[in-house]
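In: Sequence plus predicted model, see below.
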Amino acid sequence: MKALPEGFDVSSLDSSLAESWSIGAASVDYLPAGFGSYHWVVWDAEARRYFVTVDDLDQKPWLGGTRGAAFAGLTTAFDTALALRREIGLDFVLAPLPTLEGQTVLRVGDRHALSVFPFVEGRAGHFGEELTPKERSDVVHMLAQLHGAATSSTGLRVDTPMPGRGALEAALDDVASVWHGGPFSEPARAWLADHATVVRRQLQELDRLAASLVGRDLVITHGEPHPGNVLRSHDRLMLIDWDTMAIAPPERDLWLVATTDGPGLAQYAEETGQELDRDALACYRLAWDLADVAAYMAQFRSVHLGTEDAEQSWRYLTGMTWIDDTAPSAPVS
């Protein structure tokens, strides 16, 4: 994120880190990177680095409909990530460092949550970046290990292919009214009105494809193992951003890694003994596109300012190419 989190007192970082993690911050530098969370690089007096993340609980609708529910969902996800690393030994899981009391997430005020991660030297990719064949094979192998894992951490949410559907349908039903949330409200309403027929048709197609998920084996999934969440660190890969974890069919992860007829599907079947369902892959691919539209509509119907982040969201929305066609966008290959 480019801008600082709205309503968050940055000066509270020092005291929170000292009291809850015993980290004496010598320097705190904001890192305007990523999309959805806010990040800082913190150095302590012994020249140790930490990657500090603040999440706005109002921006995590897939974790819960209230701030309390979102915080509970985030805690469960990060607890599970830590268990996967410590109990199962999945060293590709970049899990948070717990507080002195063992918490993976600290509530800061009513609206925000703070977590601390080890700083790992490396380079993360970006969504849409092409993985090398070796990298794709490594990610498929990591997902096969993840999907076969079981931990003592319980309570992960069971995924639905499009948790923000209600917000999108409400926006579709409201395109005849004026939207007053901020500078992008009326442009977003006009955009949705122009594309309403396509969006409704794709929601119907999503319902058809969702039938393929019935009876599928459910596993622990990452949710967004695209190249932007793959950290290249020296000679190994790690998966980051575990707040989207959920119990779901394996196709929730695999559509982002393997093309429909690519070697990734064959590799996954060989490693796990489980064939992937093509309709289930298409379901999650379409749900991803529609979930983006839902998120932007929720953002622009709500109170917002003309910040750089809002402008970026608007560019993403209007840059969607699949919305002008009858088929969803192609998977990352």
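Out: Here it is on my side, so go on.

In: which phi and psi does D29 have?
Out: Here is the backbone geometry of D29 (degrees, to the nearest 10): phi -120, psi 120.

In: how much space between it and T151?
Out: As judged by C-beta to C-beta, to the nearest Å, D29 and T151 stand 34 Å apart. Bear in mind the C-beta positions are built from the backbone N, C-alpha and C, glycine included.

In: ok, these two, which is more surrounded?
Out: Neighbour tally, D29 and T151, criterion other C-beta atoms under 10 Å: the higher count belongs to T151, 18 against 10.

In: For that one, give me its contacts.
Out: Going by C-beta atoms under 8 Å, 6 or more residues apart in numbering, T151 touches 80, 83-84, 87-88, 220.

In: again, 7 Å this time
Out: Applying C-beta atoms under 7 Å, 6 or more residues apart in numbering to T151 gives the contacts 80, 83-84, 87-88.

In: Select from those every entry located in helices.
Out: Members of those lying in helices (criterion: DSSP state H): 80, 83-84.

In: could I get the residues you listed as JSON lines with neighbour count?
Out: Shown next, in JSON lines, are the ones in helices among the contacts of T151 (neighbours: other C-beta atoms under 10 Å):
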{"residue": "T80", "neighbour count": "26"}
{"residue": "A83", "neighbour count": "20"}
{"residue": "L84", "neighbour count": "25"}
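
In: As JSON lines, those residues with pLDDT and distance to V257 would be great.
Out: Shown next, in JSON lines, are these (pLDDT from 0 to 100; distance: C-beta to C-beta, whole Å):
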{"residue": "T80", "pLDDT": "96", "distance to V257": "20"}
{"residue": "A83", "pLDDT": "95", "distance to V257": "23"}
{"residue": "L84", "pLDDT": "96", "distance to V257": "18"}
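
In: ok, so of these, who is nearest A113?
Out: T80 (15.7 Å; C-beta to C-beta).

In: show me where the stretch 1-150 of the chain has helices.
Out: For the stretch 1-150 of the chain, helices defined by DSSP state H, counting those that start in this stretch occupy the ranges 12-21, 67-86, 133-147.

In: Determine the set of other helices and strands touching the longest one.
Out: Just to be clear, that refers to helix 67-86. Under the contact criterion of 3 or more C-beta pairs under 7 Å, 6 or more residues apart in numbering; DSSP states H and E, helix 67-86 touches strand 112-118.

In: So for the strand it packs on, what gets flagged as buried?
Out: By 16 or more other C-beta atoms under 10 Å, the buried positions in strand 112-118 come out as 112-117.
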